[in-house]
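**Student:** mind folding the following:
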Amino acid sequence: MAWFLFMDETGHDHRQMPYEVRGGFALNDETLWPLVKEAHVLEELCFGARLSDYKSEIKGEKLLKRERFKHAAQMEEIESERRQHLCRALLQAGLEKRPPTREQLTAYGQASLMMVEGIFDLLERYKARIFAAAVPRGAVNPPMDPNPRYQGVLRKDHTFLLERFFYFLEKERQMGILVMDEVEKSEDRRYVSRLHNYFTNTAKGRDRTRWIVPSPFFVSSDMALPVQMADVVIYCLNWGYRHSRATMDAPVRQEIADRFAARIERLKWKGSGYDGNKTFSSYGIFCVPDLFTSRE
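**Tutor:** Have a look, this model is predicted:
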């Protein structure tokens, strides 16, 4: 048996999002297909269709726009069959470049929030665990090391993310597989090269291949529903979750925090890590305010 860590990233354009977040959720391989099947049923229950049929997909930025909350609240809750009909009409109008009606916007807003709530329901039911690294917007990257041996290494937040996943896998005594959203091939190749350097050229990286498969899988998010769900999770985390005001003090969108912060806290991995003979508490969600780090 194995655990898949479905990962995405948000805030890397350094424009509006308060943090640069990489992460997602870990899911046991035995529960993957049941979760995917239920997520498809949930999508059709909410929208009356698969969003991919209308050239769209499940993304946090689309489902949780500020206006989605406003639209959802502007009318009474719409009955299920009527909501689905209105959502299909809105999606078709989008393809045909026609403006939606007020009732269609209300239905789509309510369906979007229902979809996100349902995603968290599924993750809790199937005992998923969230792992995510947050870096404040505008954090300075480490300078290029003059020693060629240390060029192209993983950033500190990425190594910490793998560290937490490793601690979890070691306790579970199961292998872990990284599944990532493909972005752009040249950038993906650079990231794979950094992973390879980490897993082969550092002592900790070599040790962590005992439980982490060092070769990640890249998938297109529009064809991989779990990666889309990971996008929703880390979008909620970016805007609405603050595990410690001492290290995560960026403003929140209160409407997201009120609905989803407690759910993220329940799904966050909590366990133990170690360094030599020292054992300490460790958590799946963490903030890295300073990306400068010493090299192994």
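**Student:** show me where this structure has its helices.
**Tutor:** Remark: helices assigned in the chain by DSSP state H are 29-47, 60-63, 66-73, 80-95, 102-125, 156-172, 185-201, 203-208, 225-240, 254-267.
**Student:** and those helices, which one is worst for confidence?
**Tutor:** Out of those, helix 185-201 stands lowest, with a mean of 91 (criterion: mean pLDDT).
**Student:** which positions in that one come out as buried?
**Tutor:** 191, 194, 195, 197, 198, 199 (16 or more other Cβ atoms under 10 Å). (Each C-beta comes from the backbone N, C-alpha and C, glycine too.)
**Student:** also stretch 48-66?
**Tutor:** 48, 49, 51, 54, 56, 57, 58, 59, 60, 63, 64.
**Student:** same thing with stretch 4-16?
**Tutor:** So stretch 4-16, judged by 16+ other Cβ under 10 Å, has buried residues 4, 5, 6, 7, 8, 9, 10, 11.
**Student:** show residues contacting that stretch.
**Tutor:** Contacting residues not belonging to stretch 4-16 are listed as 17-27, 29, 32, 60-61, 131, 137-138, 165, 176-181, 183, 221, 224, 226-227, 229-231, 234-235, 238 [Cβ atoms under 8 Å, 6 or more residues apart in numbering].
**Student:** quote the end-to-end distance of that stretch.
**Tutor:** One end of stretch 4-16 to the other measures 30 Å (Cα to Cα, to the nearest Å).
**Student:** mean confidence score for that stretch?
**Tutor:** 86.
**Student:** pull the distance from it to the chain's centre.
**Tutor:** With Cα atoms, centre = their mean, to the nearest Å as the basis, stretch 4-16 stands 7 Å off its chain's centre.
**Student:** with stretch 236-254 instead?
**Tutor:** Distance of stretch 236-254 from its chain centroid, counting by Cα atoms, centre = their mean, is 15 Å.
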